[in-house]
Structures are given as C-alpha cells and as structure tokens.
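A.B. asks: Any chance you can model this:
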Amino acid sequence: MRSSRFSIENYFHTQQINFHVQCKSLNLTADKDGGESMRKQGSLLVFLLAACVGLFAACVPAAVPTATTTTTTAIPVVDCAARGPGVDLHGCNLAGARLDFAILSGANLTDANLRNAYLMSANLLGANFTGADLGDAFLTGATLRGANLTGADLSGAILTSTDLRRANLSGANLGYANLTNANLTEADLSGTDLTEAYLTDANLDLITWSNTTCPNGVVQSMECPRTSAG
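C.D. replies: Modelled structure (predicted):
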C-alpha cells in the first residue's frame, strides 16, 4: 500500500511539471492559433489532474470504526425458597408458609407477604420486616428481639409470649393483635396502632411511647392501659 501511494505521488508531481511545460507551449500556440487550442489543452490537463487526485484519495485507507463494549449489570434474583440466617426474602410471597422453628435471624423480609404464616418459636433475631404484611400471622414464642418492624402490618397477629425486646415497632399496625405475656422491654412504639390489642401481662418496661394509639383508641405519649376498657 505504501509503495502504491509513493508511486501515485511521484506521478502527481510529474504531472505538475508537465502542466508547466504545457502552459508554456500553450502560450505559443495561443499566439499563433488563438485561444481555442489553449482551451482544449487546458481542459485535458484539468481532467487528468482530477483523475489523479481521485486515484490518490482512493488509496488512502479508510478509518476503522472503534469497537464499543456494552456492559450490563445483572439484577440479583431473590430466591424465595431460601432459608437460614441472613437470607434475602424481600418482597417474597410467603403467605400461609409453615416456618415454625425456622432460623431467619438477620434475614431481609422487607415488604414480604407473611399473612397467615406460621412462625411459632422461630428465630427472627434482628430480622428486617419493614413494610411487611404479618396480618393474622402466628408468632407464639418467636424471638423478634431487635427486629425492625417499622410500618409492618401485624393486625390480628398472635404474639403471645413473643420476645420483642428492643424491637422497632414504630408506625406498625398491631390492631387486635394478641400480645399476652409478650416481652416488649425497650421497644419503640412511636406512632404504633394498638387499637383493641391485648396487652395482658405483657412486659412494657422502658418502652418509647410517642403518639401511640392505645387499645382504648386514645392517642398518647405515655404508657397505655393494657386493655381496651382502660
């Protein structure tokens, strides 16, 4: 390719020299025969020069397009059949699931559907139930110590003898839930709805009360009465 290019350049240079020679010759011809012969010679040279330029351009290698690499990020798929400490079950539909005695400590159950699920004596230590649906779930004897239940629906849930120490129940719905003998020491009940909930013999020591709806329907920031009768 390089030798062809140099040959074309030499040819182009030679044509320039010939062009000057022809111009001198054309001047003489023009004096004798007038401008007609000069115009014909000039047109021929212009054509030849244009052809050389076109040939030279054709020999220049075309630009090679740069390849681009597209990377895609795979979205991890949640395995809703997984069980064990720290598993990711966020958004899973586990309604009615039999999870008695399951070990799900530290599990991510954010926005999961656990309505009517059986979680009796399950180890849910420090699990995240933010926004989860636990309505009418069976949690008797379960360990929910330090669990995050912010905004969770626990309406009608059975939480008898459940360990809820230091659990975050802020904004949760515990209406009509059964918390008999439950341990709620140091739990956060800010904005929690306890309408018609059963708190008989529940441990309510050091609880955070703030805009809590008590079993009797009264919203207050102090310890609620343990029954709806007040």
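A.B. asks: so how far is Pro85 from Asp79?
C.D. replies: The gap separating Asp79 from Pro85 is 15 Å, by C-beta to C-beta, to the nearest Å. Using the backbone N, CA and C atoms, a C-beta is placed for each residue, glycine as well.
A.B. asks: sorry, that was for Leu104
C.D. replies: Taking C-beta to C-beta, one finds Leu104 at 7 Å from Pro85.
A.B. asks: Looking at those two, which one has more neighbours?
C.D. replies: It is Leu104, of Leu104 and Pro85, that has more neighbours when counted by other C-beta atoms under 10 Å, with 24 against 13.
A.B. asks: list the contacts for that one?
C.D. replies: Taking C-beta atoms under 8 Å, 6 or more residues apart in numbering, we find Leu104 in contact with Arg83, Gly84, Pro85, Val87, Leu89, Ala122, Asn123, Leu124, Ala127.
A.B. asks: and the fifth one, what pLDDT?
C.D. replies: Each residue has a pLDDT score; the one for Leu89 is 98.
A.B. asks: can you pull the contacts of it?
C.D. replies: Contacts for Leu89 were tallied using C-beta under 8 Å, 6+ apart; they are Val78, Cys80, Ala82, Leu104, Ala107, Asn108, Leu109, Ala112.
A.B. asks: ditto for the fourth one
C.D. replies: Residues touching Val87, when contacts are defined by C-beta under 8 Å, 6+ apart, comprise Asp79, Leu104, Ala107, Asn108.
A.B. asks: Among the residues you listed, name the buried ones.
C.D. replies: Neighbour-count burial (16 or more other C-beta atoms under 10 Å) is assigned, among the contacts of Val87, to Leu104, Ala107, Asn108.
A.B. asks: doesn't Leu125 make contact with the second one?
C.D. replies: No - using C-beta atoms under 8 Å, Ala107 makes no contact with Leu125, being 9.5 Å away.
A.B. asks: Leaving aside the residues adjacent along the chain, what's closest to Asp88?
C.D. replies: Of all residues not flanking Asp88 in the chain, Asn108 sits nearest, at 4.8 Å (C-beta to C-beta, 6 or more residues apart in numbering).
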